[in-house]
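1. sequence and predicted structure, then a few things I'm wondering about:
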Amino acid sequence: MSNAGNSQPNSAPAIHAEQLCRHYRMGETVIRAVDGVTLEVRAGEFVALLGSSGSGKSSVLNLIAGLDRPTSGSVIVHDRNLARLSREELARYRLRTVGMVFQSFNLIPSMTLAENVELPMRFAEIERGKRDSLAREALTRVGLQSRMNHRPSELSGGEQQRAALARALINRPELLLADEPTGNLDSHTGTEIMNMIREFNRQLGMTVVLVTHERALAEHYAQRLIFLADGKLIGDEASSAFVATAGTERERR
Amino acid sequence: MKLPDLAELAVRNLRESLLRNSLTTIGISVGVASLVAMLSLGIGLQQLASRRLMKSGLFDTVVVTSRRDLRNFNRDQEAGGPAPGESRILDEATRQEIEHMPNVLEAYPDIRFITELRYEDKPHLTMVAALPSSAQSTDAFDALQGHFFSSETAPEVVIQKTFAEELLGKTPKSGLDETNVAALAAPLLGKELTMRYAQREAAPPAASYVGSDKANASSDQGLAGAAYSVVSRELKFKIVGVADLDPESMRGPTRARVFLPLKLAESLHVMQPTDLREVSRAPGDQPVYSSVNVRVKGPGQVQAVEDAIKKMGFNTFSILDASRSIQQFFKVLDVFLGIFGSLALAVAFIGIVNTLVMAILERRREIGIMKAIGASDGDVKRLFFAEAGAMGILGGIVGVALGWAIGQVINLGTNVYLKRQSFPPEHFWSVPWWLVAFAVLFSFLVSLAAGLYPAGRAARLDPVQALRYE
């Protein structure tokens, strides 16, 4: 199954956003965080959302993640229109379909790494015995088998982000959404994390949406770059660097 | 989320802010403790009162009198029945008839008379009454110095404390009487009392002209042999007991201060006030009583026995109605005590709300993370509920223990005081099992109710806002 996402040109879109809008009201003024964005991401694709701060890239990611609802327009992920899901259905969508990593790691500080990784499985009502072994397996995969019973505060940023990755992937989601995952890391650790994400994209066929403001990073890892400014889509192009490096491997669109 | 997971998460979250949650839980405990203390005091007092009242024999006793004697009272009762002159006589045959009625334990004549008792050659006038041997189980004799009558015919008396004071020439202090009964009994027990009384003695049928006169006056009843003579007698008694409490406190002015064994008193044939009238009506020399006390198996049967005796044509009296209003009083008392006890719990309620609202502010980000990784509104809500409930159960258990301990301490302290005043120890603090269960459940439910608003607020928290919040 490992190369399924990449090897077959998959025409069915994993994500399809149509005229997506998210407006906030701040007193008198209306802030158009996302303003009529239409985009498509194919299953197994690695896409980067690029833009300066306030461009709306994180807002688009939150809409795809089902953390937020569009003011108008639609986001369809694997044939489900997120705008029409109930709060309960959205929670289940986040639990089963989406894995998220954040710039600030967002591990729960009072829990050990094992407990943090295990938490989504609690919400999924997976048995305790199975949870323990899956959590251990996931942490081993990111190289943290010796740190399972440590709390996040006892770990370096890179280790925390690896644990967050393990948590994001624990329920085997189809979508990995990463919001500036290297923002709080030094370049060496950042590379390490990005390599892991690329690994998951390639080996598990997981669709990845990366939000970043670093064009070089996006070009190095993503297949496609989507540019946003002031809530609007201003560019959508294939990554030249990616094509260059990927050419040695195999296929490209 | 499954319940065990929920409980585990709730407990670990509570442990994270240990100080704040402990303080809140202590608040609940104090609330529950005050509720338990108040209610158990109410229940304990009620049990004490009903135990006392039941034991006093007041609530299972029916007093039967002939309608002849009470002709001037209670005209309503008489209106329907036979005319006083024709109503039945309360004699030995009637007493036996009553004694054989269902649910009747015993029926004994009420013998009481005012007479002179000499102690160390000083005369003392007082009311004397006869007691059956069953009377020794009433609580009035709980703190008896000495002992009860050795037999129903023994020439022994039990005297009441105030009479003992009189014999010893001590004037009772006004207000709270704190004379030690043991000190009073010591010089009196075993001493002799001489009773002078008027004995009624049957006269031989033909010997008295008084008798024939009477017979003429009511010849229709043909009462030969009803004549009697009155003889002055003396009898020596040994003081065997001194009662601290007044066994007849409810009787008011007719209460006795000296008690004789019943069988002995009957054999004395002391002149009774009613004898003068009954002499013309009593058939033969059967004793006639002015009143008979009927002891019924339990308060529940009093009404039926009373009705049956009324049908026989006698007046009856019992204090059952008084006990009903006493129970009503305790119900009201319980409600009031419960309300006061709940006040502290209401304060604890606000404490829980406050703690959980604070927890939401503090754990905003954590709630956002949980939602981002797939927690539903329901999961978050249930987690906060579980935390409130865990504090409630824990606070309830600690509170019940605390309330129980407070009760024990107060009980102990009061009994030390009672003992110093030479009263028998009492158990007026009762924590029944249902109260324990009720208190813990109530505390749990109150805590859940307190969690209602914070849990709802946590569940509605917008994850995007919560995650943005640093």
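-> Arrived safely, thanks for sending.
2. what count of nearby residues applies to the residue of the stretch 251-400 of chain B found nearest chain A?
-> With Cβ to the nearest Cβ as the measure, B:G374 is the residue of the stretch 251-400 of chain B nearest to chain A, at 2.7 Å. Heads up, the C-betas are built off the backbone N, CA and C, glycines and all. Other residues near B:G374 number 27, with proximity taken as other Cβ atoms under 10 Å in any protein chain shown.
3. quick check: it vs B:L41, distance?
-> 51 Å (Cβ to Cβ, to the nearest Å).
4. likewise for B:L345?
-> Counting by Cβ to Cβ - B:L345 and B:L41 are separated by 16 Å.
5. wait, the residue of the stretch 251-400 of chain B closest to chain A sits on A:R92?
-> Yes - under the criterion of Cβ atoms under 8 Å, B:G374 makes contact with A:R92 at 7.4 Å.
6. where does the stretch 151-253 of chain A have low pLDDT?
-> A:241-253 (pLDDT under 70).
7. most proximal residue of chain A with respect to chain B?
-> A:L95 (2.7 Å).
8. quick one, strands of the chain?
-> Because you didn't say which chain, this covers chain A. A:13-26, A:29-42, A:46-50, A:72-77, A:80-81, A:98-101, A:175-179, A:207-212, A:224-229, A:232-238 (DSSP state E).
9. I was after chain B.
-> Under DSSP E, chain B gives strands at B:61-66, B:104-109, B:112-119, B:122-131, B:145-146, B:156-160, B:192-202, B:228-243, B:258-261, B:291-296, B:314-317.
10. and of these, who's closest to chain A?
-> strand B:291-296 (64.4 Å).
11. contacts for that closest one next, please.
-> B:57, B:60-66, B:69, B:90, B:94-95, B:98-99, B:103-110, B:134, B:302, B:305, B:309 (Cβ atoms under 8 Å, 6 or more residues apart in numbering or on different chains).
12. partner strands of it, with direction?
-> strand B:61-66 (antiparallel), strand B:104-109 (antiparallel) (DSSP bridges).
13. what's the neighbour count on B:E8?
-> 16.
14. one more: B:L461?
-> 19.
15. that one and B:K381, how far apart?
-> 10 Å.
16. and A:V47, by the same measure?
-> Counting by Cβ to Cβ, the gap from A:V47 to B:K381 is 35 Å.
17. more neighbours, these two?
-> In terms of neighbours (other Cβ under 10 Å), A:V47 is the more surrounded of A:V47 and B:K381; the figures are 24 against 20.
18. so that one is in contact with A:Y221, correct?
-> No - A:V47 is not in contact with A:Y221 according to Cβ under 8 Å; the separation is 10.3 Å.
19. list residues touching both of the two?
-> With Cβ under 8 Å, 6+ apart as the test, A:V47 and A:Y221 both reach A:L210.
20. got the phi/psi numbers for the residue with the largest distance to the centre of chain A?
-> Largest separation from the mean C-alpha position in chain A: A:E28, at 33.4 Å (Cα atoms, centre = their mean). Main-chain torsions, A:E28, degrees, to the nearest 10: phi -80, psi -30.
21. nearest spatial neighbour of B:E152, skipping sequence neighbours?
-> B:K263 (3.8 Å; Cβ to Cβ, 6 or more residues apart in numbering or on different chains).
22. what is the burial count for that neighbour?
-> B:K263 has 16 nearby residues by other Cβ under 10 Å.
23. then A:L85?
-> Quick note: A:L85 (other Cβ under 10 Å) scores 16 neighbours.
24. residues contacting residue 164?
-> Since you didn't name a chain, this refers to chain A. A:V101, A:F102, A:F105, A:N106, A:L107.
25. chain B, not that one
-> So B:A164 contacts B:V181, B:L184, B:A185, B:L188, B:V242 (Cβ under 8 Å, 6+ apart).
26. quick check: closest non-adjacent residue to it.
-> According to Cβ to Cβ, 6+ apart, the nearest residue to B:A164 is B:L184 (4.5 Å).
27. pretty sure the one you found contacts B:L168?
-> Yes - if you go by Cβ under 8 Å, B:L184 and B:L168 touch, sitting 6.6 Å apart.
28. quick one: which of the two has more around it?
-> Between B:L184 and B:L168, B:L184 has the larger neighbour count (other Cβ under 10 Å), namely 22 against 14.
29. next one: that one relative to chain A, how far apart?
-> 72 Å (Cβ to the nearest Cβ, to the nearest Å).
30. how about the residues of the stretch 1-150 of chain B near chain A?
-> B:M1, B:K2, B:D5, B:L9, B:R12, B:N13, B:E16 (Cβ under 8 Å from any Cβ of the partner chain).
31. what about the third one, how many residues nearby?
-> What it means is B:D5. So B:D5, with other Cβ under 10 Å, has 21 neighbours.
32. the first one now?
-> The tally of other residues near B:M1 (other Cβ under 10 Å) stands at 21.
33. for the last one, same thing?
-> B:E16 has 17 neighbours, counted by other Cβ under 10 Å.
34. so what's it up against?
-> The contact partners of B:E16, by Cβ under 8 Å, 6+ apart, come to A:S110.
35. and for the first one?
-> By Cβ under 8 Å, 6+ apart, B:M1 lies in contact with A:R122, A:F123, A:E125, B:L9, B:A375, B:D379, B:R382, B:L383.
36. where does pLDDT dip in the stretch 1-150 of chain A?
-> Ranges of the stretch 1-150 of chain A meeting pLDDT under 70: A:1-11.
37. and it, which of its residues are near chain B?
-> Counting by Cβ under 8 Å from any Cβ, the stretch 1-150 of chain A sits next to chain B at A:62, A:65, A:67-68, A:87-88, A:91-92, A:94-96, A:98, A:100, A:102, A:104, A:106-108, A:110-111, A:119-120, A:122-125, A:128.
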